[in-house]
Structure formats: C-alpha cells, structure tokens
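3D, please:
(4 chains)
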Amino acid sequence: MWKWIQRFSSPKYFYSMSAPLITWFSIAALLTGLYGLYLGLFVAPPDYQQGESYRIIFIHVPAAWMSLFIYMVMAVSAAIGIIWQIRLADMVAAASAPIGASFAFLALVTGALWGKPMWGAYWVWDARLTSELILLFLYLGYMALQSAIEDQRSADKASGLLAIVGVVNIPIIHYSVEWWNTLHQGATVAKFDKPSMHIDMLIPLLLMAVAFKLLYAALVLVRARNEALYRDRNRRWVRELIEKL
Amino acid sequence: MLKAYYHLLVRDLRLALRNRHELANPLIFFVLVVTLFPLAVTPTSEALRAMAPGVIWVSALLAVLLSLDRLFKQDYDDGSLDQLMLSPNPLMILVLAKVSAHWLLTGLPLVIIAPLLGLFMSLPSEAVTVLIYSLLLGTPVLSLVGAIGVSLTVAVNRGGVLLSLIILPLYIPILIFGANAVDVASDGLPVTGQLLFLGAVLALALSLAPLATSVALRITAAR
Amino acid sequence: MNWSEFFHMGGYAFFVWTSYGVTLIVIVANIVAPVMQRKKIIARIKRAIKREQIELANSQQMANSGKTE
Amino acid sequence: MLEIQSLECVRDDRLLFSGLSFTVAEAQVLQIEGPNGSGKTSLLRIICGLRQAEAGKVLWQGESITASREDYYANMVYIGHLPCIKGDLTVLENVRALLDTRSLSLSTTEIEGALAKVGLATYEDVQGKALSSGQRRRILLAFVELSRAKLWILDEPLTALDVQGVALMESMILDHKRAGGSVVFTTHHGMQLDCEMSSVQLGRKARLQGVE
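Presented below is the predicted three-dimensional model:
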C-alpha cells in the first residue's frame, strides 16, 4: 500500500500522467462554462428586485465558493505533505495558493460591483465581503511566507503549517465576523443566497460552480507540473525530459 | 516536567528583568498609540467613548505584535533553541513556558495599564472593568497564536512585516469580541456572551497553539 | 431580445460587464502566468545543464594537463 | 549504541550524501571529515534529530530516535556552531540554564568544579557579555562535561579555543572515551587524539550528478 502511494505520488509519475488530464479538464471547464454563461446571461429571467444586475452572482458566488474550497484543498494537501512527507502534496498546496487568491480577489471585485447598484456603495462592511477579504489576507500571508523562506522544503512545511492554522481559524473568523455584522448592520442588506432561488437561476449558478472547479483542476495541474520541474531540476528525470525537448 | 516548565519560565523572566528598559517598550508603545487618537480627532468625550474600545484593542494588538520578536529571536540567534529542542522534556511544555513568560512580560502589563487608558478615553467604570476582563482573556491568545507566527518567521531575515502579515488576520476574532465586549459594556448591557467566547478561544488556543508552535519550531530548526 | 438590449443589461451594463471582464482577465492571467513560468523554468534548467557541461569539461582538462593543486 | 542506516541528505536540491551508514559503539571516537559544504553539520543535525533526512534511519540502542526520543536526549549532548550563551546571565546561570534543558539540577560546587576544569574558576558571577568568544566556548565545554551524556556530538568544538583550550578538549574526549563514552565530532583544526579513532569521509560529489 505504502509503496503504491509512493509510486503514484512521485513527481515523475505525476508529471507524465497529468498532461492528458489537463486537456480534459480544460475542455470540460470550457464547455460547462460556456453553457452556464448561456443559461445565465440569456435564459435566466431578470430578478424581480435586482433587475439584470444580479447576473453578477453567476461569477461572484462560485468564485467565493472556490476561494474557500481551494483553501481547504491547500490545507489538506499541506497536512499530507507534513505528516507523510509526500512531496507531491506540498507541490499541490503551493500551486493552489495563487489560484485561490485569484478567486478570492474575483469574489471581492465582483462583490463590490454588485454592491454598488444594490447598496449605493462599492464597499460596505458586509459579513461575506469582510470574510472574503480576510481570506484573501490569509492567502497573501501564505504566499509571502512561502517566498520568504529560501530552502524549498522548509518553505513548504512552514507555509503548510500556516495553512493548517488558517483552516482551524477560518470557522472562528467566519463566525465572529457574522456575529459582528448582525450587531452593526442589522439584517437590512440583501443576501446573495436567497433560499427561494428560481430554478432557472440556480442551474446556471451550479454550472458555473462546476466550471470553476474544473478550471481550478486544470490550472492547479499546470502549476504543480511547474513546481515539480523546478523542485526536481537537479534530478535525473527532469534532466532527461528537458534534454528531449 | 513541571520543573522544566518552571525553570525555563524563571530563566526568561530573569533575562527580561535584566533588560528593564526593553521590557517597558511595548507598554510605552501601547499608551503612546492610544494617546495619538484623541489628538487626531475632536476629543469630545462622546467621540472618544465611541472609539475607545476599538482604539485600545487595536493598540494592544499592535503592542503584542511588536513584542513577539523577543519570544524566540534571541534563542534562535544564540543557538539556545537547539538545546531546548534537544531536551528530553516535551517541547510543548517548553513552548508553553516561553509563552507564559511572554504574556507575563507584555500581556499582563497591558492589562494593568488599561484602566489609565480607559480614563484617557473617558470610558465609564463598568466598561473599564470589562476592558480588564477582556484583555485578561484575550492577550494570552495573542501570545499563544503569535508564538506560532514567530516560530515560523524567526529564521527569515527582516521577518517583522511578514510576521504581521501572517498573524494579524488570525487576531481578528479576538479583536472583534474584545472590542465589542467593552463597547456593549459602556452601554450598560451584559457581556457574558462575549467573555465566554473569549474564554473558549483561549481554551482552544491553549490546547492547540503549543502543539502548532513546536511543530513550527522543528520546521525552522530543520533548515 | 435584441443585442443592444442584452448589452444594456437593464441599465446595469457597467457593473455586469465589468464583472465579467475582470473575470476574463483574471482567468486569462491565470492561464498565461504558469505557461510563461514553465518556459522560464525550462530555459533555466537548460542553462544549468550547459553550465555543468562546461564545468565538467574544464575540470577534465585540468586533470588531463596534469595540474595538481 | 548509535546506528546510522543509509542516510541521504539533500540541501538546496543538492545531494550532500546518500547511502551513508556507520555505527558508533561504546568508547568510540568518530570524526566526520570532509570539505566545506560537504554536509558535516547537516549530518550531525540529522543524527541529533534536529533535521530530517531525505531517506534512511538513525537508531539509538536499536530503536529509531523519534521512538526513543526521551532516552536518547537524556544520553546525548550536542554543541553546534553557536555559543548558546546569554549575555545578560552570569556564567553560573548560563550553565544552569543549559543543564535545566536536560532536567539536571546539580549543586553549585559541582558546577564550580567543572568551571574550574575548563579554566573559568572565579568567573561564576561574570555576565556572559563580558566574556571573550573563547571563554564562551569553554562554558559549553563545562556543560558537556556536566551533561552526563554517553554520546557527545560536537560540531567544530575547537572554534575560538586557544592552545590550552584545544588541549583541554582533547583530554576531555580521552577521559570520556576511557569512561566508556562515545564522541562524534567534526573539526577543521588539527586535533591530536592519542587514541584509536575512526572516521567517516564526506565528499564533494553529487553536484553534477542526477538523483532519481
């Protein structure tokens, strides 16, 4: 069993296996995304309260979901890397951070753009936006620590531990921000995820979420391949590969 | 094991007391930053009272943050940290000793000086009491969580800004509940919930942070 | 529904299209960045291989010419 | 006593050594030799458990050092490049602080005896910052002497020591060996040890060599 895991998690094996996966994930992401966009922009009816502006949520909500999801992936793979010394897991964690940060950034920008017509201001201290902002800070901290430590292995372990600490903290942060928000704002602001969402809106939303997940899968593979090449730059398999190029 | 805890605690306290001028620095910083705010706005007592909880808590956060460096920096630089890790005692106990010393030297003085700052910011007396309680429960968490951050960044050159970048987001829950407890208390409302939350976070930090810190120290030493 | 109406987005055109535009930019950047990075890494490794070959040749030359330290 | 099994160490993606195996028996003195950057310090830190090896095991009394951690650390003492001395503590307090990490509380006379042996008699109440670097190293020697460890791991113990200091270190090692203790050390200075000694050679290789 252990040997099996070691074999399949070797960067060399990963490098050769991931190439076709990237193609498939990209195609699937593109198709789902285009169909989701079609349904979201053309088929879904305008919202009776928000008019057309609600169409921003087809990006905003999946992006926010993804930013949280990627942080979880990052922390779990960092934990695997620390506990079982599997280098591939460290690579996946390191590769995930910039993508997660991008999604968090997207969620913030689209949230602000959605907020302006709704609340009359680009930024309000809404619980979701605030949590998202803190999440972006967590990503930036991870990336800063990762790049500040020169020794690659220590950098992986140290930033990995930070990601795990972050994951323990996220529920606490989330809870306290929610609580703080209800205290200061009241429940006057409209929330994105109304429980009674129209099915025509829900389907494109879910499609976009799937598309983003597939996109992440493709992107993380591309980045992890880069990490594998870079980290193993002095190893034989990389040398042989490069010489063939 | 208790002996190891005690010895290290005493050593750190003794070291700090031999450097008294350095010891006072975070405290002076704390008072100074709080003093800046009334100078920056119209210092009517209503305005000050409204800002007070946030201002005092943010200043306490920054004061602790600036003092975190002393937790492991010196030991790392002179090699004592290696010796601590080669101790037959569990590293967690030693981490706990160092964090306790840090809190006694920075957190506790902040708690003690806080009533004075409450006075500066014209907080009512009930709010000052709650301020003390909230700092008493909150500052140990700042030391405990901060220890994780320092042990990750102690080997990084010019790690100061990096440390704040990775630690401040983790301080947010403490800030929210600490400041809010004081805020609510100055309106004369009960604050048991907030203090309970701070207590729960303290218990959580007390049980998990020393573990995370010792893992982090091992990562740092392996460089 | 006609196209101008579609692009108008019920008066929210700026917000909706900026959102989608920013998203597109971020996604494209996320695709381009690792591709560029990959090129850089490969170039770097190639240079390293060349450098090592030169070093190896030099040291062999030194050994052959009988120079001892 | 100590068994090193096919250790591999990689630093900055450079293979320092691999397949390194040796044992340290009782009353054995072992020198780790090799040029700068060959991984001597890394090897010693791996043996101490401060660093993780890429592959391989370090066994203490037949058990891995993570499993036998408590027993191992009670019987092993390590001194590295850094002096571990606090400028604000006195010599006596510094020794005490070092011994505390090993949960050893010794009497003042015993510590004074060791300090006298390393040439620091009457220095007990001098603050660390007033000492020269050679004197700081001597405090470490006193610590090693008092540590009651069977295994000494010394990384460049002669750094900053004068002629008498070197002679002192040599006699300490000999005495330790005579008492059945073992020493693993590195040094760039000549150490004339009048006893049987083994060595492990680390080379400057692998720079150009690919690793699987």
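
Enumerate the residues of chain D near chain B.
D:45, D:48-52, D:69-71, D:73-74, D:76-78, D:80-86, D:88-89, D:93, D:97-98, D:100-103, D:105 (CB under 8 Å from any CB of the partner chain). For every residue, glycine as well, the C-beta is placed using N, CA and C.

Please list the members of these that lie in helices.
Mapping the residues of chain D next to chain B onto helices (DSSP state H) picks out D:45, D:48, D:69-71, D:73-74, D:93, D:97-98, D:100-101.

Now do the helices in the chain.
Assuming you mean chain A. Per DSSP H, chain A carries helices over the ranges A:2-8, A:11-38, A:57-84, A:87-119, A:127-148, A:152-185, A:199-231, A:236-244.

that answer is for a different chain, and I need it for chain C
Using DSSP H, the helices of chain C run over C:3-8, C:13-64.

Out of these, which is closest to chain B?
Nearest to chain B among the helices of chain C is helix C:13-64 (21.9 Å), distances taken as CB to the nearest CB.

how big is the angle separating the closest one from helix A:236-244?
Counting by axes from the mean of the first three to the mean of the last three CA atoms, to 10 degrees, helix C:13-64 points 100 degrees away from the direction of helix A:236-244.

Counting by contacts, list what helix C:13-64 packs against.
helix A:57-84, helix A:87-119, helix A:199-231, helix A:236-244 (3 or more CB pairs under 8 Å, 6 or more residues apart in numbering or on different chains; DSSP states H and E).

how about the second one: buried residues?
When neighbours are counted by 16 or more other CB atoms under 10 Å in any protein chain shown, the buried residues of helix A:87-119 are found to be A:87-118.

Next: the last one.
Buried positions in helix A:236-244, judged by neighbour count with 16+ other CB under 10 Å: A:237-239, A:241-242.

With pLDDT added, can I get these in a markdown table?
As requested, these are exported to a markdown table (pLDDT from 0 to 100):
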| residue | pLDDT |
| --- | --- |
| A:Trp237 | 87 |
| A:Val238 | 88 |
| A:Arg239 | 85 |
| A:Leu241 | 88 |
| A:Ile242 | 87 |
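
neighbours of D:Ile32, just the number please.
D:Ile32 has 22 neighbours, counted by other CB atoms under 10 Å in any protein chain shown.

how near is it to D:Ser198?
Remark: distance between D:Ile32 and D:Ser198 (CB to CB, to the nearest Å) = 10 Å.

Out of the helices and strands in chain A, which is least certain?
helix A:2-8 (a mean of 74; mean pLDDT, DSSP states H and E).

unless I'm mixing things up, A:Leu37 is touching A:Phe212, no?
No: A:Leu37 lies out of contact with A:Phe212 (CB atoms under 8 Å); the separation is 11.9 Å.

sorry, back to before: reformat the ones in helices among the residues of chain D next to chain B as CSV; add distance to D:Asp12.
What follows is these, written out as CSV (distance: CB to CB, whole Å):
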residue, distance to D:Asp12
D:Arg45, 15
D:Cys48, 20
D:Arg69, 28
D:Glu70, 33
D:Asp71, 33
D:Tyr73, 28
D:Ala74, 33
D:Glu93, 38
D:Ala97, 33
D:Leu98, 31
D:Asp100, 35
D:Thr101, 30
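
returning to what we had before: would a markdown table of the helices and strands packed on helix C:13-64 with distance to chain D be doable?
Compiled in a markdown table, the helices and strands packed on helix C:13-64 are given as follows (distance: least, CB to the nearest CB, whole Å):
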| stretch | distance to chain D |
| --- | --- |
| helix A:57-84 | 11 |
| helix A:87-119 | 10 |
| helix A:199-231 | 7 |
| helix A:236-244 | 3 |
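
Worst mean pLDDT among those?
Sorting the helices and strands packed on helix C:13-64 by mean pLDDT places helix A:236-244 lowest, at a mean of 85.

got the angle between that one and helix A:11-38?
Going by the same axes, to 10 degrees, helix A:236-244 makes 70 degrees with helix A:11-38.

quick one on the thing from earlier: ok, which pair from the buried residues of helix A:236-244 is furthest apart?
A:Trp237 and A:Ile242 (9.7 Å; CB to CB).

Can you name every helix or strand that the longest helix anywhere in chain D contacts?
Looking across chain D with DSSP H, the single longest helix is helix D:163-178. Counting contacts by 3+ CB pairs under 8 Å, 6+ apart, helix D:163-178 is packed against helix D:133-146, strand D:182-186.

got the angle for the longest one vs helix D:163-178?
Here helix D:133-146 runs at an angle of 10 degrees relative to helix D:163-178 (the same axes, to 10 degrees).

between helix D:133-146 and strand D:182-186, how many degrees?
Using the same axes, to 10 degrees, the direction of helix D:133-146 lies 160 degrees away from that of strand D:182-186.

List the buried residues in stretch B:47-54.
Residues of stretch B:47-54 classed as buried by neighbour count (16+ other CB under 10 Å): B:48-49, B:51-54.

Please enumerate residues in contact with the least confident helix or strand in chain C by mean pLDDT?
Ranked by mean pLDDT, DSSP H and E, the weakest helix or strand in chain C is helix C:3-8, scoring a mean of 76. Applying CB atoms under 8 Å, 6 or more residues apart in numbering or on different chains, the contact partners of helix C:3-8 are A:41-42, C:13, C:17.
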